[in-house]
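K.L.:
following is a predicted model, sequence given first.
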Amino acid sequence: PQTFQLLRIALVQVELLELSGVPHQRRRWCAACLAEKAYHRSWWDIVAVRRCPYHDLELVDRDIDNRPVGWWWPRFDVTKSGNELAGERRPNVLRRGTLAAYLLMRMGYEDVWEAPLLDGLDATVVIDLCHLVGRLVSNSKVDAIPELTSRTADVGYRAMSKDRVHLVNVIARWVKDNLSSVEIDQSYSVVFGWAYDQARSLSEASAKRMLLSAFRKVHVAALTGNRAVDGDDNGMVSLTALAADFAMDRRGLASLVSALGAVGGGQRGKRRVSFDTTQMAEIRREIDSLLTRVEVGELLGICSREVS
């Protein structure tokens, strides 16, 4: 047991070093934590942690005179000039819906809970994912990468903290609330813009596949008008393969998909999307209901070759 405990402590410290990034030249602290007891918490050094997960206060690195506190100063209750570092006492409750709380759990400071999409990833990849998704769903559609705030990472963590279906539905709501039909009728790389580029740059291949797959599913659902977005990765078929299966021209099928979503635009032929089994069944029903040129001619009382 003692060997196991020492090994766990060592692994925690390795993960802490990975999360710390560039070492801080001055201290950061939570004033409410210091009000409870004046000592340094090691997780204050994690760059990605911006708010205290126990007191919901933003970590600070300057005293009331706007002066930094260097590591050379030995005390944690007051500064050299006598300024108090501690603030008012606040309720101490772990906010599990935050990225900071999840990281503390991963480091062994809290009891374990599950976050299926994140648990198998390195902590640094978890941070990158939560920052990316948080920036996306916390803002409207913009061309530049949005600013990272102290709340952004928590929004991303809550989107990523459950299963794939939950993640897809969160992104689908963002698309519905922020994109017009014309904007949707483009390739999914254009629809998600900077987020697509960031996803492709993720260092972990499995994380990259997961997020790009979610983007594709959301895009296809928006194009087809299908609200039942499937979060399973199995059974996805590309537009090209689906066109071959239906014996249709790829551009013609792309136009049909666009029509199903009641959207317009001029880039249908450039779209690269995939479809799950539910969406394929819906497209097949629509194709089966289409009239042939002969049937249209008979209904209109004209020769079929006059039907364009």
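P.N.:
Looks like it arrived, so ask away. Numbering: from 1, shown residues only.
K.L.:
give me the element the spatially most central residue of the chain is part of.
P.N.:
Nearest residue to the geometric centre of the chain (Cα atoms, centre = their mean): V133, 2.4 Å. In this structure, V133 sits in helix 123-137 according to DSSP states H and E.
K.L.:
immediately after that helix, which helix or strand?
P.N.:
As assigned by DSSP H and E, the chain's next helix or strand after helix 123-137 is helix 152-160.
K.L.:
wait, A35 sits on G87?
P.N.:
Yes: using Cβ atoms under 8 Å, A35 is in contact with G87, at 5.7 Å. All C-beta spots, glycine's among them, are computed from the backbone N, C-alpha and C.
K.L.:
mind showing which ranges of the stretch 201-308 of the chain have poor pLDDT?
P.N.:
Low-confidence segments of the stretch 201-308 of the chain, defined by pLDDT under 70, span residues 226-236, 241, 244-246, 261-273, 276-278, 308.
K.L.:
tell me where it has helices.
P.N.:
Using DSSP state H, counting those that start in this stretch, the helices found in the stretch 201-308 of the chain span residues 205-224, 239-245, 250-260, 277-288, 293-300.
K.L.:
hmm, L256 and I287 touching each other?
P.N.:
Yes: counting by Cβ under 8 Å, I287 does reach L256; the two are 7.2 Å apart.
K.L.:
more neighbours: which of the two?
P.N.:
Per other Cβ atoms under 10 Å, whichever of I287 and L256 has more neighbours is L256, with 19 against 13.
K.L.:
how close does that one get to F275?
P.N.:
Per Cβ to Cβ, to the nearest Å, L256 is found 12 Å from F275.
K.L.:
quickly list what's touching both of the two.
P.N.:
The overlap between the contact sets of L256 and F275 (Cβ atoms under 8 Å, 6 or more residues apart in numbering) consists of I283.
K.L.:
list the contacts of the nearest residue to R50 once chain neighbours are set aside.
P.N.:
Leaving aside its chain neighbours, R50 sits nearest to S150 (4.0 Å; criterion: Cβ to Cβ, 6 or more residues apart in numbering). Taking Cβ under 8 Å, 6+ apart, we find S150 in contact with 50-51, 58.
K.L.:
okay, buried residues for stretch 184-197 please.
P.N.:
Buried positions in stretch 184-197, judged by neighbour count with 16 or more other Cβ atoms under 10 Å: 184-186, 188-189, 191-193, 195-196.
K.L.:
what do you get for stretch 167-180?
P.N.:
So for stretch 167-180, counting by 16+ other Cβ under 10 Å, buried means 167-172, 174-175, 179.
K.L.:
can you list contacts of that stretch?
P.N.:
Counting by Cβ under 8 Å, 6+ apart, 117, 133, 136-137, 140-141, 159-160, 184, 191, 214-215, 217-219, 221-222, 229-231 sit against stretch 167-180.
K.L.:
could you pick out the buried ones from the residues you listed?
P.N.:
Applying 16+ other Cβ under 10 Å to those flags 117, 133, 136-137, 141, 159-160, 184, 191, 214-215, 217-219, 221-222, 229-231 as buried.
K.L.:
returning to what we had before: where does the residue nearest to R50 land on pLDDT?
P.N.:
pLDDT for S150: 83.
K.L.:
tell me how far it lies from A195.
P.N.:
According to Cβ to Cβ, S150 and A195 sit 20 Å apart.
K.L.:
before we move on, what about L291?
P.N.:
Relative to A195, L291 is positioned 40 Å away (Cβ to Cβ).
K.L.:
A254 now?
P.N.:
Distance of A254 to A195, computed by Cβ to Cβ: 23 Å.
K.L.:
go on, R285?
P.N.:
32 Å.
K.L.:
quick one, what contacts S289?
P.N.:
Listed by Cβ under 8 Å, 6+ apart, the contact set of S289 is empty.
K.L.:
ok, A31 - how many residues close by?
P.N.:
Look at A31: counted by other Cβ under 10 Å, it has 20 neighbours.
K.L.:
for the residue lying closest to it once chain neighbours are set aside, helix, strand, or coil?
P.N.:
Excluding its sequence neighbours, the residue lying closest to A31 (Cβ to Cβ, 6+ apart) is G87, at 3.0 Å. Per DSSP: H, G, I helix; E, B strand; the rest coil, the secondary structure class of G87 is coil.
K.L.:
count of residues packed around the nearest residue to V133 once chain neighbours are set aside?
P.N.:
Counting by Cβ to Cβ, 6+ apart, V133 lies nearest to G156, which is 4.0 Å off, once chain neighbours are set aside. Look at G156: counted by other Cβ under 10 Å, it has 26 neighbours.
K.L.:
could you double-check that G156 lies in contact with L99?
P.N.:
Yes: in this structure, G156 is within contact of L99 by Cβ under 8 Å, at 7.2 Å.
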